[in-house]
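Student: what follows is a protein structure lacking sequence information:
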């Protein structure tokens with residue numbers, strides 16, 4: 001299994017398990033706002049002869065129809 005897929009599964013499980021807001025990997029045409037989308041990722045592998053390692057970046061999208069940023073900031077914990 002790839003590092004990026006393992007990370008995506010862990011992020012999805014964590015967000016889905018702690019929030020009541022829908023979390024999507026593939027956002028459906030009909031959706032309820034607000035929602036969170038797990039977006040693209042990049043993985044830079046930096047293995048050596050003695051260690052395995054990687055640096056991963058994942059984009060998390062938060063969407064709302066609220067007029068202003070209040071709802072998004074609350075979702076993001078800010």
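Tutor: That came through fine. Keep in mind it's a predicted model, so treat the numbers as computed, not measured.

Student: need the pLDDT of the nearest residue to residue 16 once chain neighbours are set aside.
Tutor: Nearest non-adjacent residue to residue 16, counting by C-beta to C-beta, 6 or more residues apart in numbering: residue 23, 4.8 Å away. Yep, even glycine has a C-beta here, placed from its N, CA and C like the rest. Looking at residue 23, its pLDDT is 94.

Student: got the contact list for residue 23?
Tutor: By C-beta atoms under 8 Å, 6 or more residues apart in numbering, the residues touching residue 23 are 12, 15-16, 35-38.

Student: how about residue 14?
Tutor: With C-beta under 8 Å, 6+ apart, residue 14 has no contacts at all.

Student: rewinding a little: quick one, phi/psi of the residue nearest to residue 16?
Tutor: phi -120, psi 130 (degrees, to the nearest 10).

Student: picking that back up, pipe the contacts of residue 23 into TSV and attach distance to residue 60 and pLDDT per row.
Tutor: Formatted as TSV, the contacts of residue 23 follow (distance: C-beta to C-beta, whole Å; pLDDT from 0 to 100):
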residue	distance to residue 60	pLDDT
12	10	91
15	8	91
16	13	90
35	11	95
36	6	95
37	7	93
38	6	92
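
Student: buried by neighbour count, from those: which ones?
Tutor: 15, 35-38 (16 or more other C-beta atoms under 10 Å).

Student: let's have those in TSV, adding distance to residue 77 and secondary structure.
Tutor: TSV is the format used below for the buried ones among the contacts of residue 23 (distance: C-beta to C-beta, whole Å; DSSP: H, G, I helix; E, B strand; the rest coil):
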residue	distance to residue 77	secondary structure
15	11	helix
35	16	strand
36	12	strand
37	17	strand
38	16	strand
